[in-house]
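Asks: could you look at this predicted model? Sequence included:
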Amino acid sequence: MSSSNSNSNRAINVAIINDSPYLLSILDDIVKSNNFNVIGRFTNARHALNFIYNNEVDVILLDLEMPDIDGISFIEYVLSKRFIPIIITTNYDESWLSKISNIGAIDFVSMNNKSIDELNNLIAQKIRAAYIMNSIISHNKKQSTNNRYVNYYGKIVIIGASTGAPRIVADILASIPSDISACIIVVQHMPKGFTDTYVSMLSSRAKIKVKRAEDRDRIMNGTVLVAPADYHLIVDNNHVRLEQGPKYAHVRPSANVTMVTAANMYGPNVIGVLLSGMGFDGAFGMKVIKMNGGFTIAQDESTSVVFGMARTACMVNAVDLILPAGRIADAIIRAVRGGVNERY
């Protein structure tokens, strides 16, 4: 995935927050040895926040446990101001980290039982991937600088879905009227080779056109675009782009990529929907949609096969309305028509 950031020739600015001077020094050496720029290093999280709010930080390396602000609260404070990709760097092992699903961080690195060379390669790779995400956002903001958001006479509905969600997506689309003033984009985690079968299944039940998304497809009311397996779907100025690039939240396609790029392009015209699924993809995206004035809906635990993605989004206060699966279609319709004012 190529970067479109106008500052792509400069070094990536990385802020490091860790209360261990030893780990701080190791991370500092790793970042610098890969030709990234350590724009700030902090053992105090509050000092780090003040700095991050007022400087051009591209990626944050964050410890989970800090003496003054815990890592989870720190992530919320950062996201309340603007989107910055955050990578958790900690001595907790992967099995423990996977249970908390990162609570909004884009990725994590366990520093436990790893050599310096292993950490060097792993952290450098994750910083580059995180920077690409930030570059996509910066590009979309630049494209819409004049009016802040691109004009679009309708809404953009982004549905993030994973384990246990294909039937729910089909049920939702079956209830959407043919004259809906919205383009619906479905980001379903699925293996290669299943996209066309999935699209056929959705088409058989939907009243509106459903198609496998292709590069440069236009965003149009009354159309459903399904992200193909193994490709991120990026929302641009009245069209979509397909790019492979690194995985985000360990998946491709990633709901985060689609939601974040849509929110930064279309602002309050975006409705985010997060359904049943394992992992934490979509939490960042839902948060960014809310930050840009959009509306977010999540499937509740009682009707989810796996209450993972939606739960993580709820835990970082990224959800306006949480509903059982059978009520989500109606909420989408009302949100498109401007009739939803409930808050979760």
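Replies: Great, that's in hand.
Asks: in the stretch 201-344 of the chain, which spans are strands?
Replies: Remark: strands assigned in the stretch 201-344 of the chain by DSSP state E, counting those that start in this stretch are 209-212, 223-226, 232-235, 240-243, 270-274, 295-299, 321-323.
Asks: now the second one: how far from the chain's centre is it?
Replies: Okay, so that is strand 223-226. The chain centroid and the centroid of strand 223-226 are separated by 19 Å, computed with C-alpha atoms, centre = their mean, to the nearest Å.
Asks: what does the shortest one give?
Replies: When C-alpha coordinates are averaged (C-alpha atoms, centre = their mean), strand 321-323 and its chain have centres 19 Å apart.
Asks: if I look at residue 126, how far off is residue 26?
Replies: 15 Å (C-beta to C-beta, to the nearest Å). To be clear about C-beta, it is placed using only N, CA and C from the backbone, and glycine gets the same treatment.
Asks: circling back to that earlier point, any chance of the strands of the stretch 201-344 of the chain in a markdown table, with mean neighbour count and distance to residue 177 too?
Replies: Formatted as a markdown table, these follow (neighbours: other C-beta atoms under 10 Å; distance: least, C-beta to C-beta, whole Å):
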| stretch | mean neighbour count | distance to residue 177 |
| --- | --- | --- |
| strand 209-212 | 16 | 13 |
| strand 223-226 | 23 | 13 |
| strand 232-235 | 27 | 23 |
| strand 240-243 | 18 | 23 |
| strand 270-274 | 31 | 15 |
| strand 295-299 | 28 | 17 |
| strand 321-323 | 19 | 19 |
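Asks: let's have these in a markdown table, adding mean pLDDT.
Replies: Below are the strands of the stretch 201-344 of the chain laid out as a markdown table (pLDDT from 0 to 100):
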| stretch | mean pLDDT |
| --- | --- |
| strand 209-212 | 98 |
| strand 223-226 | 98 |
| strand 232-235 | 94 |
| strand 240-243 | 95 |
| strand 270-274 | 98 |
| strand 295-299 | 98 |
| strand 321-323 | 97 |
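Asks: turn those strands into JSON lines, including distance to residue 39.
Replies: Formatted as JSON lines, the strands of the stretch 201-344 of the chain follow (distance: least, C-beta to C-beta, whole Å):
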{"stretch": "strand 209-212", "distance to residue 39": "41"}
{"stretch": "strand 223-226", "distance to residue 39": "37"}
{"stretch": "strand 232-235", "distance to residue 39": "26"}
{"stretch": "strand 240-243", "distance to residue 39": "27"}
{"stretch": "strand 270-274", "distance to residue 39": "30"}
{"stretch": "strand 295-299", "distance to residue 39": "31"}
{"stretch": "strand 321-323", "distance to residue 39": "37"}
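Asks: ok, which of those strands comes nearest residue 122?
Replies: strand 232-235 (21.2 Å; C-beta to C-beta).
Asks: helices or strands next to the closest one in the packing?
Replies: When contacts are defined as 3 or more C-beta pairs under 8 Å, 6 or more residues apart in numbering; DSSP states H and E, strand 232-235 sits against strand 182-188, strand 240-243, helix 255-266.
Asks: export these to CSV and tack on distance to residue 313?
Replies: Converted to CSV, these look like this (distance: least, C-beta to C-beta, whole Å):
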stretch, distance to residue 313
strand 182-188, 14
strand 240-243, 23
helix 255-266, 10
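Asks: determine which stretch of these is the most buried.
Replies: Across the helices and strands packed on strand 232-235, averaging neighbours per residue (mean count of other C-beta atoms under 10 Å) puts helix 255-266 on top, at a mean of 30.
Asks: next, residue 178: secondary structure please.
Replies: Going by DSSP: H, G, I helix; E, B strand; the rest coil, the secondary structure assigned to residue 178 is coil.
Asks: was I right about it contacting residue 224?
Replies: No - Residue 178 is beyond contact range of residue 224, at 11.6 Å (criterion: C-beta atoms under 8 Å).
Asks: between those two, which contacts overlap?
Replies: Common contacts of residue 178 and residue 224 (C-beta atoms under 8 Å, 6 or more residues apart in numbering): residue 208.
Asks: where in this structure is pLDDT low?
Replies: Along the chain, segments meeting pLDDT under 70 span 1-9, 94-104, 136-148, 340-344.
Asks: any idea which residue is closest to the centre of it?
Replies: When the chain is reduced to its mean C-alpha position, the nearest residue by C-alpha atoms, centre = their mean turns out to be residue 256, at 2.0 Å.
Asks: now for that residue: which residues touch it?
Replies: By C-beta under 8 Å, 6+ apart, the residues touching residue 256 are 106, 133, 248-249, 281-285.
Asks: that's all I had, so thanks and see you.
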